[in-house]
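K.L.:
what's the 3D shape of this:
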Amino acid sequence: MQKVSGMQVVMLTALIILVVGLKHPPVVMMEAAREGAWVGYIAGVLITGPIIWMLYRLSKRFPNEDLFLVLIKRAPLAGRVIVLAYLAYFLFMLAHDIRFIIGLTNILLLPTTPIEVTGLAVALAAYYAARDGIEAVARLAQLFFPVLAVLVLSLPLMLGTQADIRNIDPLEWNVTGQLKSALYAFGGLSEIIVLPFIAPYPAFRLRSAYYGLALGTLLLGILLIESLLVFGPELASLFFDPPYMLIRQIRITDFLDRLDLPILAVWMLNVFVKISLYIYAVSLAVHRLANIASARIVTGPVGLSGLVCSYWFFESSNQLVELAKFRPFLMLVYAVLLPLLLFVWLRAKAKRSVMRLRRN
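P.N.:
Okay, here's the model as predicted:
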């Protein structure tokens, strides 16, 4: 059983929330609630918190067993159906993140490079990280994510002269827009449901998950509020990539005016870590379903499948923004209904087993 520390779970949780969630969800949140979009993250945490608690209680009941294994052992037929459903979801998110990084790389860095070449390089890099399991992925997160977190935390200092507090009115309330903003925020924050499937209890602890949720949401909030303060809600909501436009505004001295490239490099390393995490999650699901000797055997085919699906599912990067509006409904199934069903079902099954033992 691979070991993951509590600090690594904090880093993984915040990384899953931040690295892709900083791009498209804030755009639709600002479209819905304008300067009140930041309220959506507070409400999103309140929605996601009970889900984490429920998954923690479920994982704690079966220590050192990932939820894929728990489902298949306790209910061979119905459990495999649910594992297959989560496999499809994790593969979809893997394809989403690969298409996301391919699109941004071709737009910002390599506009003349064929997307097939860029995609193959992304899948290959993520495969090498995923093939050694969750422990290797967690170590990479612990190495790269603190650098990204420090950069985001320093943005208010680097952009302080360009921020205009008049762009945000805390007394301006748009209840309908802020409710939509909360749903969009929940769609991104709830991605952390992947963790108990690949890093079960005792690695997945409630305190570590909550710390990671708080850290990731704080960093997202800083980016969102800085975008509103620097550009204003009308202009910020029109950008395809508000965080990138934000770091383009950094001017420290006369010669340090292109810090966007090193910041972009640090961010891309963290995106590779997230992609490798989803490759491992899908590989582990296939390993449990097919009873293969090791999940490592299928990491290569899974990475290639994610790359192919990224072209198949998403014809262009614009579809990723539209997906941010649909994702809350997707997560309602995978992050609310199915975990609630598993929580009640496995709890009742455990009680029946205890009663049988007492009778005997």
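K.L.:
every contact and neighbour count from this point should use C-alpha atoms.
P.N.:
Fine.
K.L.:
how far away is Pro156 from Asp164?
P.N.:
12 Å (Cα to Cα, to the nearest Å).
K.L.:
of those two, give the one with the bigger neighbour count.
P.N.:
Pro156 (17 against 14; other Cα atoms under 10 Å).
K.L.:
what about that one, which SS state?
P.N.:
Using DSSP: H, G, I helix; E, B strand; the rest coil, the structure places Pro156 in helix.
K.L.:
ok, it - contacts?
P.N.:
By Cα atoms under 8 Å, 6 or more residues apart in numbering, the contact list for Pro156 reads Ile222, Glu226.
K.L.:
can you list the residues that contact stretch 284-291?
P.N.:
Where contact means Cα under 8 Å, 6+ apart, the residues beyond stretch 284-291 that reach it are 68-69, 72, 80, 83-84, 87, 198, 292-295, 298.
K.L.:
the nearest residue to Thr112 once chain neighbours are set aside: helix or strand, and which one exactly?
P.N.:
In space, and not counting its chain neighbours, Thr112 is closest to Asn106: 7.4 Å by Cα to Cα, 6 or more residues apart in numbering. Here Asn106 sits within helix 76-108, counting by DSSP states H and E.
K.L.:
list the buried ones in that helix?
P.N.:
Within helix 76-108, the residues that count as buried by 16 or more other Cα atoms under 10 Å are 79-80, 82-84, 86-87, 89-103, 105-106.
K.L.:
tell me which helix or strand comes right after it, heading toward the C-terminus.
P.N.:
Using DSSP H and E, the helix or strand that follows helix 76-108 towards the C-terminus is helix 115-130.
K.L.:
tell me the buried residues in that following helix?
P.N.:
115, 118-120, 122-130.
K.L.:
so how many other residues sit close to Ala290?
P.N.:
If you count neighbours by other Cα under 10 Å, Ala290 ends up with 10.
K.L.:
check the gap between it and Ile82 for me.
P.N.:
Distance from Ala290 to Ile82, by Cα to Cα: 14 Å.
K.L.:
and Cys309, how close does it get to Val271?
P.N.:
18 Å.
K.L.:
how about Ser237?
P.N.:
Remark: distance between Ser237 and Val271 (Cα to Cα) = 23 Å.
K.L.:
all the strands of the protein, in order from the start?
P.N.:
Assigned by DSSP state E, the strands in the chain number zero.
K.L.:
residues touching Leu213, list them.
P.N.:
Val10, Thr13, Ala14, Ile17, Val45, Leu189.
K.L.:
can I get the residues you listed in CSV including pLDDT?
P.N.:
Output for the contacts of Leu213, formatted as CSV (pLDDT from 0 to 100):
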residue, pLDDT
Val10, 94
Thr13, 95
Ala14, 95
Ile17, 93
Val45, 93
Leu189, 92
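K.L.:
ok, and the most crowded of the residues you listed?
P.N.:
The member of the contacts of Leu213 that has the most neighbours, counting by other Cα under 10 Å, is Ala14 with 29 neighbours.
K.L.:
widest-spaced pair of the contacts of Leu213?
P.N.:
Using Cα to Cα, the contacts of Leu213 span at most 15.2 Å, a distance reached by Val10 and Val45.
K.L.:
tell me the pLDDT at His24?
P.N.:
Per-residue pLDDT puts His24 at 83.
K.L.:
burial count for it?
P.N.:
Per other Cα under 10 Å, the neighbour tally for His24 reads 24.
K.L.:
in contact with it, which residues?
P.N.:
Residues near His24 by Cα under 8 Å, 6+ apart: Phe240, Asp241, Leu320, Val321, Ala324.
K.L.:
state the phi and psi torsions of the first one.
P.N.:
This points to Phe240. Phi and psi for Phe240, reported as degrees, to the nearest 10, are phi -70, psi -30.
K.L.:
what is the burial count for it?
P.N.:
Using other Cα under 10 Å, Phe240 is surrounded by 15 other residues.
K.L.:
next one: the third one
P.N.:
The tally of other residues near Leu320 (other Cα under 10 Å) stands at 20.
K.L.:
surely it meets Ile98?
P.N.:
No: contact status for Leu320 versus Ile98: not in contact, 11.1 Å apart, counting by Cα atoms under 8 Å.
K.L.:
list the residues that contact Ala129.
P.N.:
Counting by Cα under 8 Å, 6+ apart, Ala129 makes contact with Ala136, Val137, Val273, Ser276.
K.L.:
can we see that at 10 Å?
P.N.:
By Cα atoms under 10 Å, 6 or more residues apart in numbering, the contact set of Ala129 is 135-140, 272-273, 275-277, 279-280, 299.
K.L.:
ok, Arg327 - contacts?
P.N.:
Shown in contact with Arg327 (Cα under 10 Å, 6+ apart): Pro25, Leu183, Tyr184, Ala185, Phe186, Gly187, Gly188, Ser190.
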